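**Q** Here's a sequence, model it:
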Amino acid sequence: MEYVIGALTGLLIGGLLGYIKSKIIWSRYIKKSDEGGYDNESAQVYGRLLASNALNIAILVIVFLMRNIVPVEWVSFFIGAATGLVAMNFITAGARK
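**A** A predicted model of the protein is given here:
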């Protein structure tokens with residue numbers, strides 16, 4: 001049961017952080033695209049994708065460093081957080097289109 005609680009907690013934390021990350025990174029781009037777009041749009045997209053991946057790595061490093069702090073099984077917490085990040089990326093990408 002400890003594994004399930006760890007996975008659900010990680011999924012919740014990863015999903016929440018993934019949603020916040022996507023809103024911060026992509027909201028300005030979407031607003032500007034609706035107004036007429038950028039001159040070099042591909043550079044804007046690639047830059048935001050690079051920032052998104054860097055933040056994913058940073059979030060997972062922080063989750064890994066919290067392994068002695070969280071009161072649940074940290075491996076399932078880590079896997080749940082990674083799954084939450086990926087799920088929110090797919091969900092928010094669908095909302096961007």
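
**Q** burial of residue 94, as a residue count?
**A** By the other CB atoms under 10 Å criterion, the neighbourhood of residue 94 contains 8 residues. The way it works is simple: take the backbone N, C-alpha and C, and place the C-beta from them, glycine included.

**Q** should've said residue 15
**A** If we define neighbours as other CB under 10 Å, then residue 15 has 19 of them.

**Q** Would you check that it makes contact with residue 88?
**A** Yes. Residue 15 lies in contact with residue 88 (CB atoms under 8 Å); the separation is 5.2 Å.

**Q** Closest to the centroid, which residue in the protein?
**A** residue 18 (2.7 Å; CA atoms, centre = their mean).

**Q** Local confidence estimate at residue 51?
**A** Among the per-residue scores, residue 51 shows a pLDDT of 89.

**Q** Just checking, which helix or strand succeeds the lengthiest helix in the chain along the chain?
**A** With DSSP state H setting the assignment, residue counts place helix 2-35 as the longest helix in the chain. Tracing the chain past helix 2-35, the next element assigned as helix or strand by DSSP states H and E is helix 41-65.

**Q** picking up where we left off before, between the longest helix of the chain and helix 41-65, how big is the angle?
**A** When axes from the mean of the first three to the mean of the last three CA atoms, to 10 degrees is applied, the directions of helix 2-35 and helix 41-65 differ by 160 degrees.
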